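In: Provide a 3D model corresponding to the input given below.
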Amino acid sequence: MKPKGIGSAGLVSWVHSSLSVDDFETAIHFFEEAFGFEVLFKEEGMEQQIESITGTKGLVCDLVMLRSPVSGHVLELIEFKPTLGLPEGDKRPFRPGASHLAFVVEDLAAAKSAVEALGATTLGEVTSFEDGPSIYCRIPGGAFIEIEQMIPR
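Out: Now for the predicted structure:
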């Protein structure tokens, strides 16, 4: 099959997923404690590279790369610290450009209790889908996650 889109340019792999957060250290702690992520790389006060890649003069960030112990996928968390100021973070994950990470668990009620104990807040109610129940949460640090419990088939 002939590659489509960017695949025709030699797409090799999916490197990482990234979330913008408003409290860097708190978000790192949450992902370490809730899901067992490990820090691979951490840099505070990144300026030249973040200005260059975003095209935004005066932008500074703290950045960390975390690895999932379950899938090996890498999660990047970035706290932007511009001198120009930023609007307050969204309280809901439905603005264009907003994102969330979804995790499958064996026991949704236990997982919900565990992330709430770490400071996450649920956004709505546990909602049933064809594959099983799910809930959205806002984590400490301002990003969003979804926790799903798959129904065995």
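In: So for the worst-scoring helix or strand of the chain on mean pLDDT, what gets flagged as buried?
Out: Least confident helix or strand, the chain: helix 48-54 with a mean of 89, by mean pLDDT, DSSP states H and E. Residues of helix 48-54 classed as buried: 50-51 (neighbour count, 16 or more other CB atoms under 10 Å). Quick note: C-beta positions are derived from backbone N, CA and C, even for glycine.
In: Run through who's touching it.
Out: 56-61, 63, 80 (CB atoms under 8 Å, 6 or more residues apart in numbering).
In: Next up, the contacts around the closest residue to residue 103 other than its chain neighbours.
Out: Spatially, and ignoring its direct neighbours in sequence, residue 103 is nearest to residue 147 (5.6 Å; CB to CB, 6 or more residues apart in numbering). Residue 147 sits next to 102-103, 105, 108, 111-112, 115, 134-135, 137 when contact means CB under 8 Å, 6+ apart.
In: residues of the longest strand along the chain that come out buried?
Out: Longest strand in the chain by number of residues (criterion: DSSP state E): strand 38-46. The neighbour-count check on strand 38-46 (16+ other CB under 10 Å) flags residue 46 as buried.
In: Each with direction, which strands does that strand pair with?
Out: strand 61-67 (antiparallel) (DSSP bridges).
In: quick one, the helix or strand following the strand it pairs with and strand 61-67 angle?
Out: Going down the chain from strand 61-67, the next helix or strand is strand 74-80, by DSSP states H and E. Strand 74-80 runs at 170 degrees relative to strand 61-67, counting by axes from the mean of the first three to the mean of the last three CA atoms, to 10 degrees.
In: Other residues contacting the very next helix or strand once past strand 74-80?
Out: Moving toward the C-terminus from strand 74-80, the next helix or strand (DSSP H and E) is strand 101-105. Here strand 101-105 makes contact (CB under 8 Å, 6+ apart) with 17, 19, 35, 75, 111, 134, 143-150.
In: Buried only: go through those residues for me.
Out: Of those, these count as buried by 16+ other CB under 10 Å: 19, 35, 75, 111, 134, 143-145, 147-149.
In: roughly how far out does the helix or strand hosting the residue nearest to residue 103 sit from the chain middle?
Out: Per DSSP H and E, residue 147 falls inside strand 144-149. Put simply, strand 144-149 sits 11 Å off its chain's centre (CA atoms, centre = their mean, to the nearest Å).
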